[in-house]
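> Just need the structure, nothing else, for what follows:
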Amino acid sequence: TNPDRDLILRQFEAGDPAADDEARALRIIDTAGGLAPRLLARSGDVPDTTPWVLISRMPGTADIRPADPHRAARQLGETLARLHSAECGSSPQLQTVFERRGRRTRLSGPAASVVDALWHTTIAAAPLVLTHGDYQSGNVVWSGDRLTGVVDWEGAARGPAGYDLSWCRFDLYLLYGEPVADTCLRAYREAGGLVHDPYPWDLWTLARSHRSVETWVPNYRDLGRTDLTAAELRRRHTAWTTDLLRRHEG
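Numbering: from 1, shown residues only. Just a heads-up that it's a prediction; the model follows:
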């Protein structure tokens, strides 16, 4: 009754490395200026047991159906710029995105060849910052209409800023369309974000998600967007891929 603070216990399947990954990331980033939970305890390295992390609870709840999507997108962009400026982003204890996620083996679909051609000159050459790894509307929490924290840090790494920004933009495109995704980009830039030309990074996201976009249905459904069926997600993925490639060719 009336606890001093609320805690979250995250449990994972036996053998899932996510608990260790999140514990390591949270220890290194040390709340990222108050935007991430604090690690309080973690399970030991005991084989065949359920791994877990105990973390502080960020105030608020997930919400992918805001009354004002543009307002939400602005806060997503501003918050991401804050994360990308965090000093812990230079920590050598964090692996890089390329070490964690692999490289061209994950690329597929019509955008893959363009991304491959831009790899050395743009993607691999970009400065490295603290990246969340799955920065999107379902991994932030809100108190009313105010973004109060970022959760699910098991994918944190050092990576190009465009890695996070383009992932967030694509999520917003799927949820609300390109104007809202562009609102996020403008807010990110105005807050000092590092990405000026979004198109190489948007194409990278599309090439990374080409094989898997239909599997995101439960993520959206569980937060109330039952209209985003597998077929609809694929349709939107294809539409944005086609549009961006046409702009790139132009």
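> what's the weakest-modelled helix or strand in this structure?
The helix or strand of the chain with the poorest confidence is helix 97-101; it has a mean of 84 (mean pLDDT, DSSP states H and E).
> neighbouring contacts of that helix?
The contact list for helix 97-101 (C-beta atoms under 8 Å, 6 or more residues apart in numbering) reads 124, 131, 133, 155, 157-160, 163. The way it works is simple: take the backbone N, C-alpha and C, and place the C-beta from them, glycine included.
> Only the buried subset of these, as a ChimeraX command please.
In ChimeraX, a selection of the buried entries from the contacts of helix 97-101 looks like this (16 or more other C-beta atoms under 10 Å):
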select :131,133,155,157,158,159,160,163
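> Make sure Asp63 is actually in contact with Asn139.
No: with the criterion set as C-beta atoms under 8 Å, Asp63 and Asn139 do not qualify as a contacting pair; they are 11.8 Å apart.
> before we move on, back to that, with pLDDT, distance to Val53 and secondary structure added, can I get the contacts of helix 97-101 in a markdown table?
Below are the contacts of helix 97-101 laid out as a markdown table (pLDDT from 0 to 100; distance: C-beta to C-beta, whole Å; DSSP: H, G, I helix; E, B strand; the rest coil):
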| residue | pLDDT | distance to Val53 | secondary structure |
| --- | --- | --- | --- |
| Ala124 | 93 | 32 | coil |
| Thr131 | 96 | 20 | strand |
| Gly133 | 94 | 16 | coil |
| Gly155 | 94 | 14 | coil |
| Ala157 | 95 | 18 | strand |
| Arg158 | 95 | 21 | strand |
| Gly159 | 95 | 22 | strand |
| Pro160 | 96 | 27 | strand |
| Tyr163 | 96 | 23 | helix |
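> quick one: the longest helix along the chain to chain centroid distance?
For the chain, the helix that runs over the most residues, judged by DSSP state H, is helix 230-249. With C-alpha atoms, centre = their mean, to the nearest Å as the basis, the distance from the averaged C-alpha position of helix 230-249 to the chain average is 20 Å.
> For Thr131, give its distance to Leu244.
Here Thr131 is placed at a distance of 21 Å from Leu244 (C-beta to C-beta, to the nearest Å).
> Name the residues linked to the closest residue to Leu94 other than its chain neighbours by a beta bridge.
Excluding its sequence neighbours, the residue lying closest to Leu94 (C-beta to C-beta, 6 or more residues apart in numbering) is Arg158, at 4.8 Å. Residues found in beta-bridge contact with Arg158 (criterion: DSSP bridges) are Thr96, Leu130.
> Surely Arg158 is in contact with Gly133?
No: with contact defined as C-beta under 8 Å, Arg158 does not count as touching Gly133 (10.6 Å).
> The most centrally placed residue in the chain: what's it in contact with?
Per C-alpha atoms, centre = their mean, the C-alpha nearest to the average position across the chain is that of Tyr135, at 1.7 Å. Counting by C-beta under 8 Å, 6+ apart, Tyr135 touches 76, 80, 83, 150, 164-165, 167-168.
> give the contact list for Arg186.
When contacts are counted by C-beta under 8 Å, 6+ apart, Arg186 is found next to 74, 77.
> my guess is Gly149 meets Ala36, correct?
Yes: with contacts counted by C-beta under 8 Å, Gly149 reaches Ala36, the gap being 6.9 Å.
> which one of the two has more residues nearby?
Between Gly149 and Ala36, counted using other C-beta atoms under 10 Å, Ala36 has the larger neighbour count: 26 against 21.
> what about that one, which helix or strand?
When elements are assigned from DSSP states H and E, Ala36 belongs to no helix and no strand.
> Might one say that it is in contact with Asp152?
No: taking contacts as C-beta under 8 Å, Ala36 lies outside contact range of Asp152: 9.8 Å.
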